[in-house]
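using only what follows, build the 3D model:
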Amino acid sequence: MIIDHAHFGLRGGFIGVDVFFVISGFVITAMLLREVRAQGRVRLGRFFIRRGYRLIPAAVVVIVFTAVVGMLLLSPLGTQQQAAVTGGAAAVGVSNTALYAISSDYFSEHTQSNPYLHTWSLGVEEQFYLFFPLVLLLVRKVARHRARAAAVVLTIVTVVSFALSLVASYSAVLPIIKSPSIFAFYMMPTRAWEFAAGALIACGAVWLTSLKGHALATWTGLALVLLSAIFIDNSVPFPGLVAIIPVLGAALVIFGGLTPNRGSRVLAWRPLAHIGDLSYSLYLWHWPLLVFARRLWPDSVVAVIGALILTYIAAYLTYRYVETPFRGRAKSWTWRTLRMPAVAVGVALLAAGSMLVGAQSNWGNANVEAAADQLLERPIGYNQCLSTTPVSQRDLGPCTWEGEGEPIYLVGDSNAQQFTEALISASETLDRPLTIATWGGCPFFDVGRVDRNDPNKGAECSLYAEEGGRWLAQQPAGTVVMAAAGEMIMDDGIVFRTGQELLNDSSSKAAQWGDAMAARVAELEMAGHEVFVVPTMPHFAGTSRAWWHPVQCQNADLFTDPSLCSARVSTPDMQEGMAAIVRGDQRGIASSGAEEIDLTGQVCESGWCETYRAGTWLYRDGLHITPTYSEKIADVFADALR
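Below you'll find the model as predicted:
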């Protein structure tokens, strides 16, 4: 997993969590069964306090360190808030629930900047530790053949949990469950089957030891785990069906290790055993250190290597001076033994809470406050007017502004929606009514989009173009302002369909884009509308993510000089990067004769294109201008539409 997070190959390294869950289920169950055999019962208080002393001290050290460093290096424009909530939740063992509640897709760029992201798996583990001993206690009280009854219960848990995991992984919508695929990834009920797989081996260890084939099982299991890490990636629903492979691999390795064999002796090799001893601290430290390294030195391999070296050093020190001294110190559940974990959790909550309060109050800094006011604002009617509901079925009341003259219609994707403030102001100046009917991610013309990462998006965009066109043809004649981001022309994950042919290269896609635009302009003009096209505005690429985003601004930079957080590209470089997009837009405008409102000159002045200028944030991310800047360019629209 650490190799995957360092981006050194093994793109499926995240399956290491699944392997860990199986091992954890085996170890904890074996420990509880030994206690039942030795003492005839499970002492839950003793179990919970020992787990607390084992897990909490090291976790609190990392939570506090991460909060302190995060106050300087993380952005107060959302990243600190999300990190603080996750860190506080991690302190009480529910960070997986927090990440699910804020709909944080584990693989999204924004979520990957959360230095507490990795703690979700510890939350799942701790919740299983709370649930499973209670199950064993119930089995002990009601069943005569305890081991057999435990195995039956575990089998039921495995089947039910696995079924829920499958349903949630492959469903877009489910009753009660919000964001099913995210629920499947983060939540204990959909992961319990992985712990139960290890627990079943522990329950049947005596019988399983008598079987043959342990060496073969060890090597087969190792091969399955390695193949999973190499070939599984985030393009497939996960956990889903594919999670069986690493879980089976881990189970085979555990089964193989029940008796000594060459494979198990390899795993017991001293350097590997040493890494195993440090594994908890290594896991705790590696992710925040990698996040901070990439904050300071984006795309630097040397920085990543340095972070990994620091990870080992920090993990060794934590293991020796924090984990080891506290391990086994608590022998029973008493008010005295509860003092340490209670104080430690309180310190962690205080650290995370301090970061949250500071971020929410903009750290009392005028630069941070100004940036937050501009960058976190969204266009008026953002949630109502930028919709994925067919236009004819929408309540357009919140998206309509009154006036006496001919109506103005704003259509297109979020790159049209970004002109809301400009057009509201322009329509008021001209005393003309305005209606906004945009659709996220879709232009107002059909290019035959086929999205490899989102199979439903093409049909969505076709629906908007077809149904929206019919709606607009029935409206009073007026002026249509049409805008859309041409970035899909450059996106290798999106192809355009024309007849039976799929267009992959940017030149062919640009031609299709222009032709589809021209055809739509002609249809609108036939319906009596005048059409203005706003070509794709300059877009700013990111460093460690696809597009520039202010959530990557360091708090310390915003305090001192906000321009350090902005993106700045020379005009020639911007023109070169957007050449294919410009060709597509200009083909459509030239062949249709539509009017053009080109805003490139507004963003690119004196040879430079910028996202920040003289106290004003022009862009809220690499693809969209801010409402503040939209208001500033209202005169450009008013002059064009006058």
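
got any ranges where the protein has weak pLDDT?
40-42, 139-147, 330-331 (pLDDT under 70).

tell me the SS of the most centrally placed residue in it?
Centroid-nearest residue in the chain: Ser108, 2.9 Å away (criterion: C-alpha atoms, centre = their mean). Here Ser108 is recorded as coil under DSSP: H, G, I helix; E, B strand; the rest coil.

so how far is Thr66 from it?
Separation of Ser108 from Thr66 (C-beta to C-beta, to the nearest Å): 20 Å. All C-beta atoms are positioned from the backbone trio N, CA, C, and that covers glycine.

packing partners for the biggest helix by length in the chain?
Longest helix in the chain, counting residues (DSSP state H): helix 44-73. Helix 44-73 sits against helix 79-91, helix 120-142, helix 270-296, helix 301-318, helix 324-326, helix 335-360, helix 555-560, with contacts defined as 3 or more C-beta pairs under 8 Å, 6 or more residues apart in numbering; DSSP states H and E.

that helix to helix 270-296, inter-axis angle?
40 degrees (axes from the mean of the first three to the mean of the last three C-alpha atoms, to 10 degrees).

tell me which residues in helix 44-73 are buried?
By 16 or more other C-beta atoms under 10 Å, the buried positions in helix 44-73 come out as 46-67, 69-71, 73.

and if you look at stretch 632-642?
So, applying 16+ other C-beta under 10 Å, buried residues of stretch 632-642: 632-634, 636-638, 640-641.

mind putting these into TSV with distance to Arg470 and secondary structure?
Below are the buried residues of stretch 632-642 laid out as TSV (distance: C-beta to C-beta, whole Å; DSSP: H, G, I helix; E, B strand; the rest coil):
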residue	distance to Arg470	secondary structure
Lys632	35	helix
Ile633	31	coil
Ala634	30	helix
Val636	31	helix
Phe637	26	helix
Ala638	30	helix
Ala640	27	helix
Leu641	24	helix
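
Throw those into JSON lines and include distance to Ala580, thanks.
Listed next are these as JSON lines, based on distance: C-beta to C-beta, whole Å:
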{"residue": "Lys632", "distance to Ala580": "29"}
{"residue": "Ile633", "distance to Ala580": "25"}
{"residue": "Ala634", "distance to Ala580": "30"}
{"residue": "Val636", "distance to Ala580": "25"}
{"residue": "Phe637", "distance to Ala580": "26"}
{"residue": "Ala638", "distance to Ala580": "31"}
{"residue": "Ala640", "distance to Ala580": "26"}
{"residue": "Leu641", "distance to Ala580": "29"}
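
show me which pair in the residues you listed is furthest apart.
Spatially, the most separated pair among these is Lys632 and Leu641, at 16.8 Å (C-beta to C-beta).

okay, domains of the chain per the record?
2-360, 377-539+578-598+625-641 (automatic domain parsing).

can you tell which of those domains is closest to Ala366?
That would be, of the domains of the chain and by C-beta to C-beta, domain 2-360, which comes in at 12.8 Å.

from one end of that closest one to the other, what's the distance?
Across domain 2-360, the terminal residues are separated by 32 Å (C-alpha to C-alpha, to the nearest Å).

check stretch 531-540 too.
27 Å.

return the distance of it from the chain's centre.
Between the centre of stretch 531-540 and the centre of its host chain there is 28 Å, according to C-alpha atoms, centre = their mean, to the nearest Å.

go on, stretch 209-222?
That offset, for stretch 209-222, works out to 38 Å (C-alpha atoms, centre = their mean).

stretch 298-311 too?
That offset, for stretch 298-311, works out to 22 Å (C-alpha atoms, centre = their mean).

again, but for stretch 278-298
That offset, for stretch 278-298, works out to 17 Å (C-alpha atoms, centre = their mean).

can you give me the buried ones in it?
278-295, 297.

so Lys212, which of the three states?
Assignment for Lys212 (three-state DSSP): coil.

make 783 the starting number, not 1.
Right, with 783 as the first residue, what we last looked at is Lys994.

what distance do you get for it to Asn1043?
In terms of C-beta to C-beta, Lys994 sits 11 Å off from Asn1043.

what's the answer for Pro1225, then?
In terms of C-beta to C-beta, Pro1225 sits 61 Å off from Asn1043.

and the two? which has more neighbours close in?
Taking other C-beta atoms under 10 Å, Pro1225 and Asn1043 do not tie; Pro1225 has more neighbours (26 against 17).

isn't that one right up against Ser1244?
No. Assessed by C-beta atoms under 8 Å, Pro1225 is found out of contact with Ser1244, at 10.9 Å.

now do the contacts for Cys1391.
1320, 1322, 1350-1353, 1356, 1385 (C-beta atoms under 8 Å, 6 or more residues apart in numbering).

of these - the most surrounded one?
The contacts of Cys1391, ranked by neighbours (other C-beta under 10 Å): first place Pro1320, 25 neighbours.

next, the contact list for Ser1388, please.
Here Ser1388 is in contact with no residues (criterion: C-beta under 8 Å, 6+ apart).

sorry, that was for Ala866
Contacts of Ala866 by C-beta under 8 Å, 6+ apart are 849, 852, 1134-1135, 1137-1138, 1141.

which two among those are spaced furthest apart?
Gly852 and Gly1135 (12.6 Å).

in which helix or strand would I find Trp989?
Secondary structure from DSSP states H and E places Trp989 in helix 987-991.

list the buried residues in that helix.
Buried residues in helix 987-991 (16+ other C-beta under 10 Å): 987, 990.

using CSV, write out every CA atom in that helix.
Output of helix 987-991 as CSV, limited to C-alpha atoms (Å, rounded to 0.1, in the frame of the first residue of the first chain):
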residue,chain,number,x,y,z
ALA,A,987,-7.4,-23.7,13.0
VAL,A,988,-7.2,-27.1,14.7
TRP,A,989,-8.9,-29.0,11.9
LEU,A,990,-7.2,-26.9,9.2
THR,A,991,-3.8,-27.7,10.6
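
just the residues contacting whichever helix or strand comes after it, thanks.
Of the helices and strands lying after helix 987-991 in sequence (DSSP H and E), the nearest is helix 996-1013. With C-beta under 8 Å, 6+ apart as the test, helix 996-1013 has contacts from 786, 791-795, 797-798, 801, 1024, 1027-1028, 1030-1041, 1043-1046, 1049.

next, the angle from the very next helix or strand once past helix 996-1013 to helix 996-1013.
Downstream of helix 996-1013, the first helix or strand assigned by DSSP H and E is helix 1026-1038. Relative orientation of helix 1026-1038 versus helix 996-1013 (the same axes, to 10 degrees): 150 degrees.

on that earlier part again, from the contacts of Cys1391, which is closest to Val939?
Distances from Val939 to these, taken by C-beta to C-beta, are shortest for Phe1322, at 49.4 Å.

so Ile1014 touches Ile797, yeah?
Yes. The criterion here is C-beta under 8 Å, and Ile1014 meets it with Ile797 at 5.9 Å.

could you check which of these two is surrounded by more residues?
Ile797 (26 against 22).

next, that one: secondary structure please.
Under three-state DSSP, Ile797 comes out as helix.

ok, Glu976 - how many residues close by?
31.

try Ile1206
By the criterion of other C-beta under 10 Å, Ile1206 has 22 neighbours.

so for the helix or strand it falls within, what gets flagged as buried?
Using DSSP H and E, Ile1206 falls within helix 1202-1212. Judged by neighbour count using 16+ other C-beta under 10 Å, the buried positions of helix 1202-1212 are 1202-1209, 1211-1212.
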